[in-house]
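Student: what shape does this take:
(6 chains)
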Protein chains: 6
Amino acid sequence: MWNKLILLSVVALTFNYLALAYEPSPLQDFCVADPNSSGIVYSFGLHLRGNTSNQLGSKVTPVFATQLPGLNTLGISMVRIDYAPWGLNPPHTHPRATEILTVLEGTLQVGFVTSNPDNRFITKVLQKGDVFVFPVGLVHFQRNVGNGNAVVIAALSSQNPGAITIGNAVFGANPSIPWGILARAFQVDKSVVDQLQAKF
Amino acid sequence: MWNKLILLSVVALTFNYLALAYEPSPLQDFCVADPNSSGIVYSFGLHLRGNTSNQLGSKVTPVFATQLPGLNTLGISMVRIDYAPWGLNPPHTHPRATEILTVLEGTLQVGFVTSNPDNRFITKVLQKGDVFVFPVGLVHFQRNVGNGNAVVIAALSSQNPGAITIGNAVFGANPSIPWGILARAFQVDKSVVDQLQAKF
Amino acid sequence: MWNKLILLSVVALTFNYLALAYEPSPLQDFCVADPNSSGIVYSFGLHLRGNTSNQLGSKVTPVFATQLPGLNTLGISMVRIDYAPWGLNPPHTHPRATEILTVLEGTLQVGFVTSNPDNRFITKVLQKGDVFVFPVGLVHFQRNVGNGNAVVIAALSSQNPGAITIGNAVFGANPSIPWGILARAFQVDKSVVDQLQAKF
Amino acid sequence: MWNKLILLSVVALTFNYLALAYEPSPLQDFCVADPNSSGIVYSFGLHLRGNTSNQLGSKVTPVFATQLPGLNTLGISMVRIDYAPWGLNPPHTHPRATEILTVLEGTLQVGFVTSNPDNRFITKVLQKGDVFVFPVGLVHFQRNVGNGNAVVIAALSSQNPGAITIGNAVFGANPSIPWGILARAFQVDKSVVDQLQAKF
Amino acid sequence: MWNKLILLSVVALTFNYLALAYEPSPLQDFCVADPNSSGIVYSFGLHLRGNTSNQLGSKVTPVFATQLPGLNTLGISMVRIDYAPWGLNPPHTHPRATEILTVLEGTLQVGFVTSNPDNRFITKVLQKGDVFVFPVGLVHFQRNVGNGNAVVIAALSSQNPGAITIGNAVFGANPSIPWGILARAFQVDKSVVDQLQAKF
Amino acid sequence: MWNKLILLSVVALTFNYLALAYEPSPLQDFCVADPNSSGIVYSFGLHLRGNTSNQLGSKVTPVFATQLPGLNTLGISMVRIDYAPWGLNPPHTHPRATEILTVLEGTLQVGFVTSNPDNRFITKVLQKGDVFVFPVGLVHFQRNVGNGNAVVIAALSSQNPGAITIGNAVFGANPSIPWGILARAFQVDKSVVDQLQAKF
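Tutor: Numbering: from 1, shown residues only, chains lettered A, B, ... in the order given. From the prediction side, this is the model:
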C-alpha cells in the first residue's frame, strides 16, 4: 500500500517534473487534460491591488505556468505589478523572457541597462497608457515617481520566464556567496558586504 | 536626381522589407538605432477608451512592431481591446501567436474552438481580474456580456502576430472568393453567400 | 490489483500525453523505441484514391505523428488529398504549419487570404506538376476545376500541424457557439445562422 | 551612371544575400514583394519524368527557396526524385532538414544509418503509397529495386535544406581532400583513393 | 557624388545592421562572402595569456561574431579566461546564452545563483580538466582559489551571447542609475551607494 | 511485488526516454533533481591525454548530456580531442550541431566541404591558439600535421549533437549496406567495396 503511494507520487513527480522542464513550441492545441478545468481558464484576482506594505513598496502578482498550467508550451505569461507611492520594483532580470508593460495607473520611471561594454542606462518616465519593453536578460526596474499608487500589467515571452532580483541573488543567496568574492567584485571592504548581506 | 531618389527608396524598402520579414531570437540587446528615440520607449494612449461606435461594438488598439519598432526580434506585443455593451471582438485567429488577456473592466464571455476533428467549443465568462489564454492559431472571440463597457489588456507571443477575422477573410476577401466555393464550403445557396459577401 | 492497473494507465497516459504535447527540435536521431517497427517505417496506402463520396467531394488522408510515431520531434508530415470533379477542400487553416503541395492529377484552383487589414485573396489555377505554398495560419482552400479527378501530395512543417475547417469550427463547434455571436460577427440574422449551424 | 549601377547591384546583392542567409520563423504572412508574381505561385514540371540517363540512374528535381522564393522563412520545400530501373539516389545527408517521402511509382529500397557508435542500418522495401522518414542529418539513400521506373515525392523541413552526397563531398571535393587523409580514414592505400577520386 | 557616398554608407550600414541584428538558424552552409578569408578561418591568440593586471585579476578574451564573422547564424562562440592568483571573473549574466567551461590550468571556485524565490547558491571547486555549466541568464562567477595562474576555455550557445557584469551594470551604468533607486534596492543609505558608484 | 518493480522500471524508462528525446529551450534554470549532485557539476578528466593508440591516431573525449545530465535543455556541450603525430579525426558530420574549436597544442590541418553542388573544400592549417568553426551538418576533419601531439578543445551547439563518421556509417553500418549500393554510389567494383567494408 505504501509502496503504491510512493509509486504514485513518483509518477506524479515525473509528470510534474517534465511538465515544468520543457518549453518547446506547442504540438497540440493546448496541453492540459481538461480545458474546461482550471488549466486554461481560471480566475485570478488580477484586478486586486497587491499588498505593497513591504520594504520596497511594490508587489508582483504572477500568472505563470505554475499558476495557470494551460500556459505550458505556449510561450507567454502575464503579471500585475503594484507600487505604493515611490515604491520600487528593484533591478532584476528575466533569464528566459522579454517583458512588455503598460501603465494602468500612476507615473512610473522605468529603466534598463544595456550589456557590456557600454552599460548604457536607458530610462523614461511613463504616464498612464504608455508602453515599454525590457529586452530578454537585461537588468531593469520600475519606480513609482508619483504620490499616488501605480499599477502596470506586463507580459513575458515565456510561460516560465524566471526572475532574478539582483540584490537577492547577489547579497541574499542561500547559502551566501563568500564575502571575499563580493568585496572584490564591488570593490568595497568586508564591512560594506556584511552590511549588504545582512539586509537580505 | 530622380534615379537617386528611386535608389534611396529601394534602399529604404530593402531595409523595411527585411525589418518586417524576419523574426528570429535576438542577437543584440535590442534592434533599433537609437534606444532613446521612440524605438523602444514610446507613448501610446493605451489608457484611452477605443472608439467602439462601429457595427461590432469593439475596438482593438495594437502595439505591434509597426507601432513600436523596438519590439523587433523580441517576440512579444500588446493590445488593448474595448467593448461597448454587448460588443463583440468577432471570431478570429492569430497565425503566429498565442494570446493571453486579463479583464480590466466589465464581464466578458470568451471562447475558442479546438482543431479538427473535435472542434470543441471552450467558453467561460470572465470577471474583472480573470486571465485567459487563446492557443496559437485557434479561432477565438470575446463578447461583452454586461451592460457597461468592458476593457481588456492582452499580450501576444510575437511582435507581429497577424490577425485573421474569419468573416472578413472568408466573405470580405479582396477580390472575393468565388461564391461557388463558399456555397459548397458552408452548404448554403448563392443567395446566402451573396448576403454574407455584401456585408464585408 | 485494480490500483496497479489504474497506475499503469496513469503511467501510460503520462507517456502519451508528453509524447503528444511537445514538439522540440530532435535530441536523438529519432524518437521511437524500435526503428525497425512501424514507428519510422510503415505502409500507408497513399497511392490509394481517397473516398470522395461526401458532401464536399474531397478526402484528406493524413500521415501525421498519430499515424507515424517516428515523425515525433522531426517537424514534418505529409498528406494525400483527393478531389472528385469540382470537389472542394474547403477554407481551413493549419495553426502550427506551413503547407506545400504539388498536383499529381487534375486541374486545381488554389487560394489563400492574407491577414488583416488587407485580406488579399491570392489565387491560381494549378496544372499537374505545379507547386504552391500556403503560409502558416492563413485561410486557404483547393478546388478541382476540372471534370476528372484531382490528386495532390502535400507536406506540412510540423508532425502535428492541426487543421481548422472554418465552417466546422465556426458553425459546427460542439457545443455550438451562441447564435448571437455568429449573427453579429457575420452581420446576418438568426435564421441565416440557424441555417448554417444546421449543416454542420 | 556606372556608380549608380554598381550601387544598385550592391543593394540587390544585399537583398539576396540576406534573403538567402537567414531562416527564422516568419514575421509576415509571406516574404515576397508581389505574391501574384512567381514568388509564391509558380509552375514547376514536377509531373515530368526527370532525366535519369546518368551514371546513377536517378534525378532529383528540387523546389527549394532558390526555385520558389516564396518559401523563404516558411521552413518547408519539396522534391521529385526519378529512378531508372535499379537507379540509385546515393548515400547523402541534409544538414538542415528532415525528409519525408512517399512512393508514387515503383518499388524502392530505402535506408538510413544511425549516428555513432551504433551505426545501425535501418532499411525497408517500400511499395507504391508507402511513407518513410529520414531524420535530420543522417546518411540515407533510395534505390529502385524493380525493373520499371520509380518515382517519389519528398518534402524537407527547410526551404534550403542543403544536400551532401557522400561520394562527391568526400572523393570529389574541389580542390581534393589530400589523399593521405582519405587513405587513413578509409583504411585503404593510395591507389584505392586515387581510383575513387578519379570517379568524381 | 557626396549623396552617392552617403547612400553607399546607408546601404553598408543596412547590411551590417542586419547582419548583427538577427540570429536565426542557418539557411546556408555559412554566411560570409569568402570562406577562405578570415570570415570562418582566422588566427586568434587563444593560447596567449590574457593580461590580468587589473583590479579584478582576470581577463576575458572573446571569440564572438564580432571577432569571427563566420559564426553568424551558427549559434556558438568561445572565450578564454585568465585569472591571476585569487583573480575573479565577477558575478555576471549572459542574456542570450548558456556557458560551458573546462579548466585548463589552476584551481577554480565556480558558482551560480538560481532564480527567485530560492536564490540557491550552487558552488564547486574545480580542478584541471573539470567541466561546469552556467544555465542561460543566471548570475555566475569564477574565482582562482590557487596561488598560481588559472585558465579556462569556455563556450557559449550564441555567437553574440552578451555579458552583463552586475557591478558595472548596476553601479557603473552610464549615465548613473539614480542613487535613490539603488539605495532602496540594496537597503543601504546614500553614502554606501556613492561609495559603490564611485568605484565603477 | 514484481509488478511493482516492473512498473517502477516503466516509470523510470519513461523518464529517461523523455529526458533524452527532447531538446527544447529551457523552461527552468536547469533540469536535474539535485544541482549539488553530479548533474550539473562534475569532474571529467578533460586535462588527461586521450589514448590515441588506435588505427587513426586520435581520440575524442565527449562531455555530452549522457556524461553531464545537467546539460539537458541547455543546447551546448564540449569535447577534448587528442591526436598522435599525424593522427586523424576522420571525415564526419554532426547532424544536430555546429562545432567551434581551439588548438591547445600542436599544428592541425582542419577542413570541411560545402554542400552540393559546389562541394568546395575549405582547409586551413591551425596553430596553437587558433579558432575554427565547422557549420552544422557539413563533412569535416582534423589532422595533426606536426611531429608532436596535438590537442583541441571543441564545443558543440547541442547537448546531444550526434556524430556520424563517414567511413563507419557508410562502410561499417550494422548490418552492412548492400555492396551493390556502395559500388554504384562510389563507382567502384565489388572488390573495392569488399575491401572497404572489411576494414570497418
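
Student: which non-adjacent residue is nearest the spatially most central residue of chain A?
Tutor: With distances taken as CA atoms, centre = their mean, A:Ala163 lies nearest the centre of chain A, 4.0 Å away. Nearest residue to A:Ala163 in three dimensions, chain neighbours excluded: E:Asn116, at 4.7 Å (CB to CB, 6 or more residues apart in numbering or on different chains). (C-beta placed from N, C-alpha, C; glycine too.)

Student: part of a strand, is the one you found?
Tutor: No: under DSSP: H, G, I helix; E, B strand; the rest coil, E:Asn116 falls outside any strand and is assigned coil.

Student: OK, contacts around it?
Tutor: Applying CB atoms under 8 Å, 6 or more residues apart in numbering or on different chains, we find E:Asn116 in contact with A:92, A:162-165, A:168-169.

Student: closest to B:Pro178 out of the residues you listed?
Tutor: Distance to B:Pro178, by CB to CB, is smallest for A:Gly162 among the contacts of E:Asn116, at 51.2 Å.

Student: of all the contacts of E:Asn116, which two lie farthest apart?
Tutor: Pairwise distances across those peak at 12.9 Å for A:Gly162 and A:Asn168 (criterion: CB to CB).

Student: helix or strand with the lowest mean pLDDT in chain A?
Tutor: When each helix and strand of chain A is scored by mean pLDDT, DSSP states H and E, helix A:2-21 comes last, with a mean of 36.

Student: helices or strands up against the helix or strand hosting A:Asn168?
Tutor: Per DSSP states H and E, A:Asn168 falls inside helix A:166-171. The contact analysis (3 or more CB pairs under 8 Å, 6 or more residues apart in numbering or on different chains; DSSP states H and E) places helix A:166-171 against strand A:88-93, helix A:190-199, strand E:139-144, helix E:166-171, helix E:179-186.

Student: let's see it at 10 Å
Tutor: When contacts are defined as 3 or more CB pairs under 10 Å, 6 or more residues apart in numbering or on different chains; DSSP states H and E, helix A:166-171 packs onto strand A:88-93, helix A:179-186, helix A:190-199, strand E:88-93, strand E:108-113, strand E:139-144, helix E:166-171, helix E:179-186.

Student: beta-bridge partners for A:Asn89, please?
Tutor: For A:Asn89, the beta-bridge partners under DSSP bridges are A:Gln142.

Student: in stretch A:173-184, which residues are buried?
Tutor: A:173, A:177, A:179, A:181-184 (16 or more other CB atoms under 10 Å in any protein chain shown).

Student: let me fix that: stretch A:143-160
Tutor: Across stretch A:143-160, burial judged by 16+ other CB under 10 Å covers A:143-146, A:149-160.

Student: let me know the closest of those residues to chain C.
Tutor: Nearest to chain C among the buried residues of stretch A:143-160, counting by CB to the nearest CB, is A:Gln159 at 12.9 Å.

Student: where's that closest one relative to chain F, distance?
Tutor: Plainly put, A:Gln159 is 7 Å away from chain F if you go by CB to the nearest CB, to the nearest Å.

Student: assign that residue to helix, strand or coil.
Tutor: Applying three-state DSSP to A:Gln159 yields a three-state assignment of coil.

Student: before we move on, what SS does A:Gly70 have?
Tutor: Once three-state DSSP is applied, A:Gly70 turns out helix.

Student: what bridges to the nearest residue to A:Ala173 once chain neighbours are set aside?
Tutor: The shortest distance from A:Ala173 to any non-neighbouring residue, by CB to CB, 6+ apart, is to E:Phe121 (3.9 Å). Legend: beta-bridge partners of E:Phe121 under DSSP bridges are E:Val113.

Student: I'd say E:Phe121 and A:Phe171 touch.
Tutor: No: assessed by CB atoms under 10 Å, E:Phe121 is found out of contact with A:Phe171, at 11.1 Å.

Student: which one of the buried residues of stretch A:173-184 is nearest to chain C?
Tutor: Nearest member of those to chain C, counting by CB to the nearest CB, is A:Ala173, at 31.1 Å.

Student: how far away is that closest one from chain D?
Tutor: A:Ala173 is 37 Å from chain D, where distance means CB to the nearest CB.

Student: quick check, that residue in contact with E:Gly111.
Tutor: Yes: applying CB under 10 Å, one finds A:Ala173 in contact with E:Gly111, separated by 8.5 Å.

Student: what sits in contact with each of the two?
Tutor: Contact criterion CB atoms under 10 Å, 6 or more residues apart in numbering or on different chains; residues shared by A:Ala173 and E:Gly111: E:91, E:121-123, E:139.

Student: between all of those, which two are separated the most?
Tutor: Greatest spacing in those, by CB to CB: E:Pro91 and E:Ile122 (13.2 Å).

Student: what sits in contact with each of these two?
Tutor: Here E:Pro91 and E:Ile122 have A:173, E:111-113, E:140 as joint contacts, going by CB under 10 Å, 6+ apart.

Student: could you single out the nearest of those to chain F?
Tutor: For these, the nearest to chain F is E:Phe112 (8.4 Å; CB to the nearest CB).

Student: from chain C, how far off is that closest one?
Tutor: 23 Å.

Student: grab the nearest non-local neighbour of that residue.
Tutor: Nearest to E:Phe112 is E:His140, by CB to CB, 6+ apart, at 3.8 Å.

Student: so who does the one you found touch?
Tutor: E:89-94, E:99, E:101, E:110-113, E:122-123, E:132-134.

Student: likewise for A:Lys190?
Tutor: Contacts of A:Lys190 (CB under 10 Å, 6+ apart): A:179-180, A:182-183.

Student: got the residues you listed as CSV, with pLDDT and distance to chain B columns?
Tutor: Shown next, in CSV, are these (pLDDT from 0 to 100; distance: CB to the nearest CB, whole Å):
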residue, pLDDT, distance to chain B
A:Trp179, 96, 31
A:Gly180, 96, 31
A:Leu182, 97, 26
A:Ala183, 96, 29
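
Student: farthest pair within those residues?
Tutor: Across these, no pair lies farther apart than A:Gly180 and A:Leu182, at 7.5 Å, counting by CB to CB.

Student: so what sits against both of these two?
Tutor: Going by CB under 10 Å, 6+ apart, residues that sit against A:Gly180 and also against A:Leu182 are A:190, A:193, E:88.

Student: just give me the neighbour total for the second one.
Tutor: A:Val193 is flanked by 22 other residues according to other CB atoms under 10 Å in any protein chain shown.

Student: A:Gly87 too?
Tutor: 23.

Student: buried stuff in stretch A:59-70?
Tutor: Neighbour counts over stretch A:59-70 (16+ other CB under 10 Å) mark A:59-65, A:67-70 as buried.

Student: and chain E, which of these reach it?
Tutor: Near chain E, judged by CB under 10 Å from any CB of the partner chain, the entries from those are A:Val60.

Student: quick one: the buried residues of stretch A:59-70 as a markdown table, columns for pLDDT too.
Tutor: Output for these, formatted as a markdown table (pLDDT from 0 to 100):
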| residue | pLDDT |
| --- | --- |
| A:Lys59 | 98 |
| A:Val60 | 97 |
| A:Thr61 | 97 |
| A:Pro62 | 96 |
| A:Val63 | 96 |
| A:Phe64 | 94 |
| A:Ala65 | 92 |
| A:Gln67 | 91 |
| A:Leu68 | 92 |
| A:Pro69 | 89 |
| A:Gly70 | 89 |
